[in-house]
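Trainee: What follows is a predicted structure for the sequence shown.
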Amino acid sequence: MTNRTGASDTALRALHLGLVGCGSMAGTVLRAVRAAGVPLAMVTVLARPGRNVAQVAQRLGLEPERVSVVFDVAGLIACAPHVVAECASQEAVRDVVPALLAARIETVVASVGALAQAETLARIAAADTGTLRVAAGAVGGMDALEAVRLSGLHAVTYVGRKPPAAWPGGYTDNAVVFEGSAREAALKFPRNANVAATVALAGLGFDATQVRLLADRECTNNVHEITFSGRCANGFFRMEGLPSPDNPRTSLTAGYSVARCVLASIGSCLAFS
Ligand SMILES: NC(=O)C1=CN([C@@H]2O[C@H](COP(=O)(O)OP(=O)(O)OC[C@H]3O[C@@H](n4cnc5c(N)ncnc54)[C@H](OP(=O)(O)O)[C@@H]3O)[C@@H](O)[C@H]2O)C=CC1
Ligand SMILES: O=C([O-])CC(=O)C(=O)O
């Protein structure tokens, strides 16, 4: 038997998925993995202290018997998931991901802005054993940007537009929320500028990538625009993502992108890169 992408039976073995976080993105990841036809054996969730199985199962739309909840990374490692998807925060990337990699557990990160922090990068570099997948998240076109980088990139600009209420700070009207480098953006907006970090990693780096974040009353969706020029190509990429119903600051696309990384890690979808 093969699935849509031609992956074999072995790729469809029941998956033990680890999740860090149990919010809107984690829910989207699970829905997508299920929709892809991958059977779930177990989902182990690293949650904040105080959460319990019934609550987490209900938030994620899972049967309680398929859920275990742990409160630290040692507990997550002890459960031995096939792959872990971080869907939580920059702080979680710093505190959890290095230990997962050191334990050789393949890990997908969504909170890519964490990689703008020298301390987090150093911890990940020191772990240096497992496989880290950086999800493209709410944006796309990163393969082209990386390819053009090899020829020499001249300039990369990322513009993120969201409805005013989707930005922290109580915006109600059109405004320039931020203008500056991708590093500043990622550090200043840990929950809203992960795309800026992703574009920086694929292209010119955190300090040379220019970012504008805009509150825009005309937007009903989250719009991401990347403009680049390089020696072998110039490009423009635009993606308009529907907001997650339970967290309008997060585009639904981001969860689907994390799911795609999970599926790629178990050989259950084409791994374009
Ligand atoms: N790459 C991309 O394009 C994008 C990336 N993101 C990243 O994804 C993250 C998740 O997004 P989303 O699901 O919408 O956010 P939500 O706020 O809906 O959910 C976040 C979840 O993570 C949990 N959490 C946060 N920190 C920790 C921690 N240290 N340990 C355990 N659990 C933790 C929260 O717990 P609790 O509810 O108990 O506080 C909550 O369950 C965002 O914070 C952002 O960093 C978001 C959008 C796009
Ligand atoms: O989901 C989005 O549209 C983008 C986002 O929040 C981020 O870059 O962190």
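Mentor: Alright, I've got the coordinates. Ligands and ions are numbered 1, 2, ... in the order given.
Trainee: Helices of the stretch 101-250 of the chain, start to end?
Mentor: 118-127, 142-151, 182-188, 194-202 (DSSP state H, counting those that start in this stretch).
Trainee: Which residues belonging to the shortest one are considered buried?
Mentor: In this case it means helix 182-188. The neighbour-count check on helix 182-188 (16 or more other CB atoms under 10 Å) flags 182-188 as buried. Any C-beta I mention is one placed from the backbone N, CA and C, and that applies to glycine too.
Trainee: mean confidence for the strand or helix carrying A264?
Mentor: Element membership for A264, per DSSP states H and E: helix 252-265. Helix 252-265 shows a mean pLDDT of 97.
Trainee: Dump the C-alpha coordinates for stretch 246-261 into PDB.
Mentor: What follows is stretch 246-261, C-alpha atoms only, in PDB (Å, rounded to 0.1, in the frame of the first residue of the first chain):
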ATOM      1  CA  ASP A 246      -8.200  30.000  18.100                       C
ATOM      2  CA  ASN A 247      -5.200  32.300  17.800                       C
ATOM      3  CA  PRO A 248      -5.500  34.900  15.000                       C
ATOM      4  CA  ARG A 249      -1.900  36.000  15.500                       C
ATOM      5  CA  THR A 250      -0.800  32.600  14.100                       C
ATOM      6  CA  SER A 251      -1.400  31.700  10.500                       C
ATOM      7  CA  LEU A 252      -2.900  28.300   9.900                       C
ATOM      8  CA  THR A 253      -0.200  27.700   7.400                       C
ATOM      9  CA  ALA A 254       2.500  27.600  10.100                       C
ATOM     10  CA  GLY A 255       0.900  24.500  11.700                       C
ATOM     11  CA  TYR A 256       0.600  22.800   8.400                       C
ATOM     12  CA  SER A 257       4.200  23.500   7.700                       C
ATOM     13  CA  VAL A 258       5.300  22.000  11.000                       C
ATOM     14  CA  ALA A 259       3.100  18.900  10.100                       C
ATOM     15  CA  ARG A 260       4.800  18.700   6.700                       C
ATOM     16  CA  CYS A 261       8.200  18.500   8.600                       C
END
